[in-house]
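> any chance you can model this:
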Amino acid sequence: MKVADDIKPLQQLLEASNFILSEPVKARFQESLKRFMIPKGRVLVDIGQVSQCLYFIEKGAMRTYYLRGSEDITSLLVSDGDIVCIAESFLLQKASSDVLETLEDTSGYSISYATYRKLVEEDVYMAGLAVKLLEQHLINFTDRVKVFKYLSVEQRIAHYIKQPSSLFRRIPDHYIATYLGTTAATFSRCLKTVNMEKGISAN
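All right, here's what the predicted structure looks like:
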């Protein structure tokens with residue numbers, strides 16, 4: 001199955017800003033960003049909290065997850081070049097039903113909800129840039145739905161590992177397993193039967 005190539009949102013944002021945003025707007029946007037360096041294992045948004053920031057990841061990894069009984073299920077994995085928040089909580093400023101945490105020491109920039117809203121409401125070009133990012137997010141989400149709809153567990157694992165954005169071997173396998181809709185045991189077993197490319201092995 002052919003899916004769209006990964007397009008890193010941060011790179012897209014930087015490239016688009018060179019053409020879309022005027023110099024004053026770019027300057028205001030850059031002034032609004034706050035540098036962060038967050039250690040591995042830090043919870044940025046917990047269940048019941050409101051997601052107050054949008055994070056632009058330069059280096060590192062984060063995930064979002066929700067609870068199903070006593071088990072946590074990874075719903076999103078992001079890393080270098082990605083942009084992340086708990087979308088529903090951030091955009092609607094409502095309590096989150098998911099958790100956002102760092103999986104590696106992570107650095108980048110953040111922007112608060114109040115500043116984000118002010119920028120997109122007061123500047124038509126900034127609003128256009130936000131729409132472009134939303135469009136790409138919807139395309140990527142549609143591609144992920146296709147992966148789950150048409151591929152077996154083994155095929156999902158093989159597909160994920162081949163992606164440039166794959167966090168395989170950077171984070172614990174059980175996070176990837178629940179993200180791909182399977183268990184850690186099944187993930188480990190399927191790795192042995194997956195036709196790995198580029199010399200990657202399950203050992």
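
> contacting residues around the most far-flung residue of the chain relative to its centre?
The centre of the chain is farthest from one residue, residue 24, which by C-alpha atoms, centre = their mean lies 28.8 Å away. By C-beta atoms under 8 Å, 6 or more residues apart in numbering, residue 24 lies in contact with nothing. Heads up, the C-betas are built off the backbone N, CA and C, glycines and all.

> tell me the phi and psi of it?
Per-residue torsions, residue 24: phi -60, psi -40 (degrees, to the nearest 10).

> which stretches of the protein have low pLDDT?
Within the chain, the segments meeting pLDDT under 70 span 1-7, 9-22, 194-203.

> next, count neighbours for the residue nearest to residue 112 when sequence neighbours are not counted.
Nearest-residue entry for residue 112: residue 53, 5.7 Å, with adjacent residues in sequence omitted and distances by C-beta to C-beta, 6 or more residues apart in numbering. Number of residues near residue 53 (other C-beta atoms under 10 Å) recorded here: 21.

> any idea how far residue 53 lies from residue 166?
26 Å (C-beta to C-beta, to the nearest Å).

> next: residue 129.
The gap separating residue 129 from residue 166 is 27 Å, by C-beta to C-beta.

> residue 187 too?
Distance from residue 187 to residue 166, by C-beta to C-beta: 13 Å.

> go on, residue 92?
Remark: distance between residue 92 and residue 166 (C-beta to C-beta) = 31 Å.

> got phi/psi on the most centrally placed residue in the chain?
Residue closest to the mean C-alpha point of the chain, counted by C-alpha atoms, centre = their mean, is residue 78 at 3.4 Å. Residue 78 adopts backbone torsions of phi -140, psi 150, taken as degrees, to the nearest 10.

> thank you, goodbye.
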